[in-house]
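Chemist: compute the structure for the input listed below.
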Amino acid sequence: MTRVLLIEDDPAVRRGVTLGLRRNGHETEAVGTGEDGLESLGPFAPDIVLLDLMLPGMSGLEVCRRIREAGQVPIVILSARGDDIDVVVGLEAGADDYIVKPANTEVIEARMRAVLRRVAPTQPAAGHHDGPLVHGDLEIDASAVRVRKHGRELTLAPSELKLLLFLSASPGRTFSRRQLLEEVWEHSYYGDARLVDACVKRLRAKIEDDQRNPRYVRTVRGFGYRFGPL
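Modeler: Below you'll find the predicted structure:
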């Protein structure tokens, strides 16, 4: 059973999403403010958070940042604001995915499942050697779902972790944004490629010493990204 924390100020939306999730077997706690959502994190210990951006009091963006600072719990923004700037700002605050309302329960559940798969341990491929892979000062352990830099474990959001694991499994190979969207986010709509760019920006902030001259996640202009340590 998945524990879902819904932070949504609209009573009708809150009720509808909660009923749909509970009907499908999810343990759901729903609150109407960001402050209440942050207070529920510890006692409820959600597996995933559904977060509205337009909240009274503390904004959804600030709630997103605070949740992300505290740990790796997956965050999916559920908002009526679908402009590019709103989506990008929300993703750069630390969200793993972004759903524009109104959205039915099937869409929400599909996105939730995709996000939760990103934090599941990865089974090594046939012929893959055991133990972490070392690339420069990065140690990437796919089976343990763990990344270290200079020996210190990094706190990566699920999407950041899945993207790094995927790219580093094929060093030197370039992947288009569409390919990364399908493999990491399990989406097929190319318009959501902004998910990829925002995640790369966040990931670089954590693993690169110089984001303007990245050593690991490199841009192939006009196409996509590749993993390529010097």
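
Chemist: what about Met58, neighbour count?
Modeler: Around Met58 there are 16 other residues, counting by other C-beta atoms under 10 Å. Quick note: C-beta positions are derived from backbone N, CA and C, even for glycine.

Chemist: now do the phi/psi pair for the residue nearest the centre of the chain.
Modeler: Note on the chain: the residue nearest the mean C-alpha position is Asp96, at 2.2 Å, using C-alpha atoms, centre = their mean. Reported as degrees, to the nearest 10, the phi and psi values for Asp96 are phi -90, psi -20.

Chemist: show me what the helix or strand bottoming out on mean pLDDT in the chain is packed against.
Modeler: Every helix and strand of the chain was ranked by mean pLDDT, DSSP states H and E. The lowest is helix 84-92, at a mean of 76. Using 3 or more C-beta pairs under 8 Å, 6 or more residues apart in numbering; DSSP states H and E, the elements in contact with helix 84-92 are helix 60-70, strand 75-79, strand 97-100, helix 194-207.

Chemist: sorry, back to before: what sits against the residue nearest to the centre of the chain?
Modeler: When contacts are counted by C-beta atoms under 8 Å, 6 or more residues apart in numbering, Asp96 is found next to 74-76, 115, 118, 157-159.

Chemist: for the residues you listed, which one is nearest Arg14?
Modeler: Nearest to Arg14, judged by C-beta to C-beta, of the contacts of Asp96 is Val76 at 15.1 Å.

Chemist: any idea how far that closest one is from Arg218?
Modeler: Taking C-beta to C-beta, to the nearest Å as the measure, Val76 falls 28 Å from Arg218.

Chemist: likewise for Ala110?
Modeler: To Arg218, Ala110 is 31 Å away according to C-beta to C-beta.

Chemist: show me the helices in the chain, by range?
Modeler: According to DSSP state H, the chain carries its helices in the segments 11-23, 34-44, 60-70, 84-92, 105-117, 158-168, 177-180, 194-207.

Chemist: closest to His150 out of the ones you listed?
Modeler: helix 194-207 (10.7 Å).

Chemist: Leu195 contacts Trp185, doesn't it?
Modeler: Yes: under the criterion of C-beta atoms under 8 Å, Leu195 lies in contact with Trp185, with a separation of 5.6 Å.

Chemist: intersection of neighbour lists for the two?
Modeler: Looking at what touches both Leu195 and Trp185 (by C-beta under 8 Å, 6+ apart), the common residues are 97, 159.

Chemist: return the residues in contact with the spatially closest residue to Lys101 that is not a sequence neighbour.
Modeler: With C-beta to C-beta, 6 or more residues apart in numbering as the criterion, Lys101 has its nearest non-adjacent residue at 4.6 Å, and that residue is Ala80. Ala80 is in contact with 54, 100-102, counting by C-beta under 8 Å, 6+ apart.

Chemist: next one: the closest residue to Phe227 other than its chain neighbours from Val196, what distance?
Modeler: With C-beta to C-beta, 6+ apart as the criterion, Phe227 has its nearest non-adjacent residue at 3.8 Å, and that residue is Leu167. In this structure, Leu167 and Val196 are 11 Å apart, going by C-beta to C-beta.

Chemist: hmm, back to that, out of the helices and strands packed on helix 84-92, which is the most enclosed?
Modeler: Per-stretch averages of neighbours, counted by mean count of other C-beta atoms under 10 Å, single out strand 75-79 among the helices and strands packed on helix 84-92, with a mean of 24.

Chemist: and the angle for that strand with helix 60-70?
Modeler: What separates the directions of strand 75-79 and helix 60-70 is an angle of 180 degrees, with axes from the mean of the first three to the mean of the last three C-alpha atoms, to 10 degrees.
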